[in-house]
Each structure stands twice: as structure tokens, then as C-alpha cells.
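K.L.:
sequence plus the predicted model coming up.
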Number of protein chains: 2
Amino acid sequence: MTETGWATELRDFVALQPRKSLAADAADNLREFILLGKLAPGMPVRERDLAEAFGISRTPLKEALRILEGEGLISYGPTRRPRVADPSLAEIHDWLRVQGALEALAGELTCQNATEAQLLRIEEINLAIKEARDTEGQLEAFRMDMRFHEAIVAASGNRALAETHATYNARLWRVRFLSSQRGISRETTRREHAQIVEALLSRDAAAARKALTNHLRTAESNIAATMQEAK
Amino acid sequence: MTETGWATELRDFVALQPRKSLAADAADNLREFILLGKLAPGMPVRERDLAEAFGISRTPLKEALRILEGEGLISYGPTRRPRVADPSLAEIHDWLRVQGALEALAGELTCQNATEAQLLRIEEINLAIKEARDTEGQLEAFRMDMRFHEAIVAASGNRALAETHATYNARLWRVRFLSSQRGISRETTRREHAQIVEALLSRDAAAARKALTNHLRTAESNIAATMQEAK
DNA sequence: TACGAAATTTTGGTATTCCAAATTTTAAAT
DNA sequence: ATTTAAAATTTGGAATACCAAAATTTCGTA
């Protein structure tokens, strides 16, 4: 009997997502390690050790390092030796400015293009953040916060924007997480998120741009404060 | 005799620039090929053939493909087979929006941070564009135009912004080049460039943002027209 | 002739190996 | 004890070999 119907359909569906490579897996795992601080910033990365740790050869591991280089999590020295990135405050400042511009654009586009359902989903996530703060741990609440911003960018309908934004999110994840741990300005965050949601729901592009830009500025000073006292 | 003085200094200086790898070279060459249209958009890329053509093995060539993937010049299908990217008008539209946001930010930052010398250099490049249009060929004039925008972004002093902008430049290079070949709206370009330079020289951040955003809108409609009639 | 299945070829992913550059260690000289 | 040169080690870059998945061709059957 020739295969037909749902079986074929399911197989095609599965086939649509590119089969994950060892390199992509390693990149995911390594990213997690770096973001959670299990690999200290500035620490040299030895390909052979890491490859052995992951149980893969150097070839895919090298590729994983390249991926993370693109995300700013791994940096290469003048002699091509990789190490865990250790961005200065000035670099992070630069990243936040770009991230701000991207989110501001996302806000505008989302006001224009998002479906009503997408906007409601954004509002929903924002409400879930508060709950997560109480019921789940800090980390889960932080993850929810990231998802809030991702949802806004996704709703813009601009795939390139979403991808570029994602790489900046990766670079900034750790420092933003540390900053959020300080627990300052919870009330400020709540208010700024409310402003963002309100602007989006009323599809006021200018207000959305303003609210998101302002939100990033706040993040900037929080991060600066965090890094100062960490030093 | 122990090596000292200028010899050591020179060696250290040379050592500072990362030795370029075969992969980086191949990426440069391949990028050129794609941008000049010697590899048609949509064409499948066979690693073995290309590696042989470049006289290198597949290992560094593969890496070169990854680099160009990051720049949007190579895309991978569901079965991990690489091909020369063939962006739709919708995708290009998305890219231009992001590029616009990046340049708008660059305009703001340049007004704040650029040295006087950098601003004069930007003005100088803009003047050189007109000359190149007469004395040199179209391609040289186009390259000068790219340099104009690069100089603005570089003057912002934000390295991450410059890098991200560069990747979008790479993606958009070919379609912008084709669009510029149509030769329409030379006068419009001249006027818009003048507005940009004026805003920067007077360090009027709001005006710079506006002028650059507007310039990108113009590029957008030119490109749309070019692609329509090419189809 | 048209269709489909099986055999063949092609292709990218990965492991292994070798090599040159860079780093570290060792040892000798002052 | 300090410095410097040479030897040994470590490290990333690149070539090669092999494999499984995918695409193509071949060939038999209706």
C-alpha cells in the first residue's frame, strides 16, 4: 500500500524543520552554560575540552562557537583563540542602544501590522509576569519578561527584525538577568510595561516607540548600577 | 643581538590584526561573486565544486558559507542544502526597515558623538560621489555612496551598530546596486544627501533621523520599482 | 507511454588526522 | 635571582575519509 493521507502530511511537516545538527545542539547547550554563568566571562575556551565534554568532535563544536560568536557570546582574540565574551559597560551600552532602536521599530510596526489576537497575547504575557513573580521563581519571571519583548517583536511581522533582535537578546540576556536579580524598580517595570501595552492596544505607533525607548533607557541605568556594584 | 625597538613594535602591530583564514578569504571572494551576480540568486551551491574552485577543502568553505548565511547572502533549505539567497520583495522590504532604523539611530548618535573631523569627512565623501559619477564609472559612484552611509554609521562610535549595519548592507548591496543602475532620481538622491549632511553638520539629531529615514523610504520605492520591472 | 520502486549517485555532516602557530615550560647564562 | 633562548606542549586551522540522508537515474511493470 502506498503511503498517503496524514502519514505523508506529518512526515512532510516534520521534514520542514531542518534536522538539528550536533553543532546547533552544542550551540544551544553552550549558550545556556554561558548565560547561567557556568562558564565565566573572559574564560578561554578550549575546543578539545569542550568537544569532549559534549561528546562530539571538534568540527561541529567549532561551528557552534561561530554561531555564538555571531551572538556576541564568544569572542576571538588576535590569535583566533576563542573565549567567553566579557563585554565592558561601554559595549553593553552600545548593544542596548541598538536593541532600543530595534524594539522601537518593532513597536511601530506592531501597531500597524499586528492582529488583534497578537496584541491580546502580548497583554496576556504581561499579566502572566506578575503571577510568575509570585508563584514561580525569579528566573521564570525573567524568562516571561523576555517573552513579552519577543512577542512584541514577533507581532511586527518583520522576520529579519525578529532575528536581529534575538541575537541582541542573547548578548544581553546575562547582564539583564543579573540586573533583574537586584530586584530594584519592580514598580517601575510594571508601570513601563503597562504603558507599552496600552500604546500597542490603541495602536498608537508614536506612543509605542516612546514607551519602548524609555523602557530601554531604564534598563540601561539599572544595568549600569548593577555592573558598578559588581565591580 | 636581541630584537628590540621598531622591529618588535612592527611585529606586534602586524600581529594585532587577526591572521585571515582561508574561510574569511573564501567568504570575501564568494560575497563578491554573489553581489556581482556571477552566482545567480536561487542557484544551489555545491560545497565540493566551490571548494575546488577556490582551491581549498570543504572545511573552510563550509565556514565561509556560514558567514554568508549570517549576512543573508546564503540560505539553507530544510535539508541543509545551501543556495544563493533569492529574497522576495517582501523580505527586502523588511530588511530596509531595519536598515532604516539602524541608520536613524546612527544619525542621532553621530550628531552627539562624532568629531568635527568625522563630520567633515562625511561631507567630503558626499562631494566625491558627484565627481565619481562623472569621472569614474557607475560602480565606483555606487561604492562611494555606500561609503557615505558607512562613514555616518562609523562616526556614531557604536561598534555593534556598525557591525549589524554592515550585515544589512551586505544583504541589500546587490538590489541597491541594481536599483542605482536604473539611474532614476539622481536629483532626489543629491537633495536627500544634502539634507543628511546639513543635519549632521549642525548636529541636529532629530533632523538627521528624519533625513535618513526619508532617504531609506526613497530607496524602498526605487527598489520596489526596479524589482517590479525586472519581473 | 506513464508510473513507481529500487539502485545509484550526489551531497552535507561529522570524525579523524596532520600541521603550523602560539604558548608554556625548561634550562642555561649573567 | 632575573632574563633569555630553546625545547616541549598546547591550540586552532585545514585536509581527508567516511557515513547517512537526499536527490537522481535506471529499469521493470502496468
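P.N.:
Alright, I've got the coordinates. Remember, predicted model here, so these are calculated numbers, not experimental data.

K.L.:
just the buried residues of stretch A:111-125, please?
P.N.:
Of the residues in stretch A:111-125, A:111, A:114, A:118-119, A:122-123, A:125 count as buried by neighbour count, 16 or more other CB atoms under 10 Å in any protein chain shown. The C-beta positions use only the backbone N, C-alpha and C, and glycine is treated the same way.

K.L.:
list of residues touching that stretch?
P.N.:
A:110, A:144, A:147-148, A:151-152, A:154-157, A:197, A:199-201, A:203-205, A:208 (CB atoms under 8 Å, 6 or more residues apart in numbering or on different chains).

K.L.:
got a PyMOL select line for the buried ones in those?
P.N.:
Selection of the buried residues among those in PyMOL, burial being defined by 16+ other CB under 10 Å:
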select buried, chain A and resi 110+144+147+148+151+152+154+155+156+157+197+199+200+201+204+205+208
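
K.L.:
in helices, which of the contacts of stretch A:111-125 fall?
P.N.:
A:110, A:144, A:147-148, A:151-152, A:154-155, A:197, A:199-201, A:205, A:208 (DSSP state H).

K.L.:
farthest pair in those residues?
P.N.:
For the ones in helices among the contacts of stretch A:111-125, the farthest-apart pair by CB to CB is A:M144 and A:A205; their separation is 25.2 Å.

K.L.:
can you give me the neighbour number for A:A26?
P.N.:
Neighbour count for A:A26, taken as other CB atoms under 10 Å in any protein chain shown: 24.

K.L.:
and what of the one 10 residues further on?
P.N.:
A:L36: 12 surrounding residues under other CB under 10 Å.

K.L.:
with the one 3 residues further on instead?
P.N.:
By other CB under 10 Å, the residues close to A:L39 number 18.

K.L.:
so it: helix, strand or coil?
P.N.:
coil (DSSP: H, G, I helix; E, B strand; the rest coil).

K.L.:
quick check: it touching A:R31?
P.N.:
No. Between A:L39 and A:R31 there is no contact under CB atoms under 8 Å: 10.1 Å.

K.L.:
does any part of stretch A:219-231 sit near chain B?
P.N.:
No. Counting by CB under 8 Å from any CB of the partner chain, no contacts exist between stretch A:219-231 and chain B, the nearest distance being 13.3 Å.

K.L.:
how far does that stretch sit from its chain's centre?
P.N.:
Here stretch A:219-231 is found 19 Å from its chain centre; the criterion is CA atoms, centre = their mean, to the nearest Å.

K.L.:
quick one: low-confidence ranges for chain A?
P.N.:
A:1-19, A:183-184, A:231 (pLDDT under 70).

K.L.:
in it, which spans are helices?
P.N.:
Using DSSP H, helices in chain A cover A:6-16, A:22-35, A:47-54, A:58-70, A:89-113, A:116-135, A:138-155, A:159-181, A:186-201, A:205-230.

K.L.:
and chain A, which residues reach chain B?
P.N.:
So far as CB under 8 Å from any CB goes, chain A lies against chain B at A:15-19, A:21, A:59, A:63, A:66-67, A:70, A:72, A:76-80, A:91, A:94-95, A:97-98, A:100-102, A:104-105, A:109, A:158-161, A:164.

K.L.:
again, only this time at 7 Å
P.N.:
Neighbours of chain B within chain A, by CB under 7 Å from any CB of the partner chain: A:15-16, A:18, A:63, A:66, A:70, A:76, A:78, A:80, A:94-95, A:97-98, A:101-102, A:105, A:158-161, A:164.

K.L.:
of these, just the buried ones, ChimeraX syntax please.
P.N.:
Those of the residues of chain A next to chain B that count as buried under 16+ other CB under 10 Å are selected in ChimeraX with:
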select /A:63,66,70,94,95,97,98,101,102,105,158,160,161,164
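
K.L.:
give the contact list for the most centrally placed residue in chain A.
P.N.:
In chain A, the residue lying closest to the centroid (CA atoms, centre = their mean) is A:N169, at 3.1 Å. With contacts defined as CB atoms under 7 Å, 6 or more residues apart in numbering or on different chains, A:N169 is in contact with A:M146.

K.L.:
gap between it and A:L109?
P.N.:
Here the criterion is CB to CB, to the nearest Å. By it, A:N169 lies 17 Å from A:L109.
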